[in-house]
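Asker: how would this look folded up:
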Amino acid sequence: MAGRTLLVAGVVATAVVAQGLHSSAHAEEGSAVAAASEPADPSLTEYVNAKQQYRLLVPAAWEAKGKAGADVLFEDPSRRSTSLGITVNPVKVASIEQFGGLQDVGDKLLDAERKKESTLGVTLLGSSSRTGATGATLYEYEYELDSTRGRKRILNTVTIFSSRLYILNAAFKCDKDGCSEEAQRGVALLRRLAGSFDVTTN
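Answerer: Below is the predicted model of the structure:
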């Protein structure tokens, strides 16, 4: 999963570098606290990283892991192939729109996946943009990846705020023939978690 998160970071960072800008890895610690802005759900907690200025909901049972290149990585202990990670990189650009639109960034992301030797096929299932509480634009992508390592549903959220590039990457491993009804429930959870991600002010 961390490798895919770095792939996304590389795709977006390449676009930044192409404009004469620079990005580099940076990580800080965060903490999990009870969610206050979402409907009460005892299975979820809100993870807040005040220094890196972001927050999102995560299942209370999931474990936070240390992973090179990731600010934080959460795994489902009952299904290790299900994970969600965040990377944060400083950049010299004010917004995601300054170096690419929704489709442009999505095309670069999928092209990078297709070029990997392990990839058998990639299908974009949906993309959208939303405005966070701070006014930052967040690009969201969902695609199915068929590779020599299996079939996965991937969700990405990308934004820039306060001179930082934020990338959320979530993955759910499906059956060989596709995502079953049970898998769809797992993917639906990842959509909810990704949808809760936002950047914050101190």
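
Asker: Quick check: Thr119 touching Glu144?
Answerer: No. Thr119 is beyond contact range of Glu144, at 11.4 Å (criterion: CB atoms under 8 Å). To be clear about C-beta, it is placed using only N, CA and C from the backbone, and glycine gets the same treatment.

Asker: show me where the chain has helices.
Answerer: Listed from the start of the chain, the chain has helices (DSSP state H) covering 2-17, 102-114, 181-196.

Asker: just flag whichever of those helices has the lowest average confidence.
Answerer: Least confidently modelled of the helices of the chain is helix 2-17, at a mean of 50 by mean pLDDT.

Asker: Tell me which residue is most central in the chain.
Answerer: Leu168 (1.6 Å; CA atoms, centre = their mean).

Asker: Now do that one against Glu182, distance only.
Answerer: Using CB to CB, to the nearest Å, one gets 23 Å for the distance from Leu168 to Glu182.

Asker: Contacts only, for Gly195.
Answerer: Glu140 (CB atoms under 8 Å, 6 or more residues apart in numbering).

Asker: rerun at 10 Å
Answerer: With contacts taken as CB atoms under 10 Å, 6 or more residues apart in numbering, Gly195 has the following neighbours: 56-57, 130, 138, 140, 155, 157.

Asker: TSV for the residues you listed, including neighbour count, pLDDT and distance to Phe99?
Answerer: Formatted as TSV, the entries for those read as follows, by neighbours: other CB atoms under 10 Å; pLDDT from 0 to 100; distance: CB to CB, whole Å:
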residue	neighbour count	pLDDT	distance to Phe99
Leu56	24	97	24
Leu57	22	96	29
Arg130	13	97	19
Leu138	22	97	15
Glu140	21	97	17
Leu155	22	96	22
Thr157	23	97	17
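
Asker: Keep only those of those that are in strands.
Answerer: 56-57, 130, 138, 140, 155, 157 (DSSP state E).

Asker: Could you single out the nearest of those residues to Lys67?
Answerer: Nearest to Lys67, judged by CB to CB, of the ones in strands among the contacts of Gly195 is Leu56 at 16.5 Å.

Asker: wait, isn't that closest one in contact with Gly132?
Answerer: No. Assessed by CB atoms under 10 Å, Leu56 is found out of contact with Gly132, at 11.2 Å.

Asker: so what sits against both of these two?
Answerer: Taking CB under 10 Å, 6+ apart as the criterion, Leu56 and Gly132 both touch 197-198.

Asker: Can you pull out the low-pLDDT segments for this structure?
Answerer: Low-confidence segments of the chain, defined by pLDDT under 70, span residues 1-40, 177-181.

Asker: Now with 80, please.
Answerer: 1-42, 66-68, 99, 175-183, 202 (pLDDT under 80).

Asker: so what's the closest residue to the residue nearest to the centre of the chain other than its chain neighbours up against?
Answerer: Once its chain neighbours are removed from consideration, Leu168 has its nearest residue in Thr157; the separation is 4.0 Å (CB to CB, 6 or more residues apart in numbering). Each residue near Thr157 by CB under 10 Å, 6+ apart is listed here: 8, 56, 86, 128, 130, 138-141, 166-170, 193-195, 197-198.
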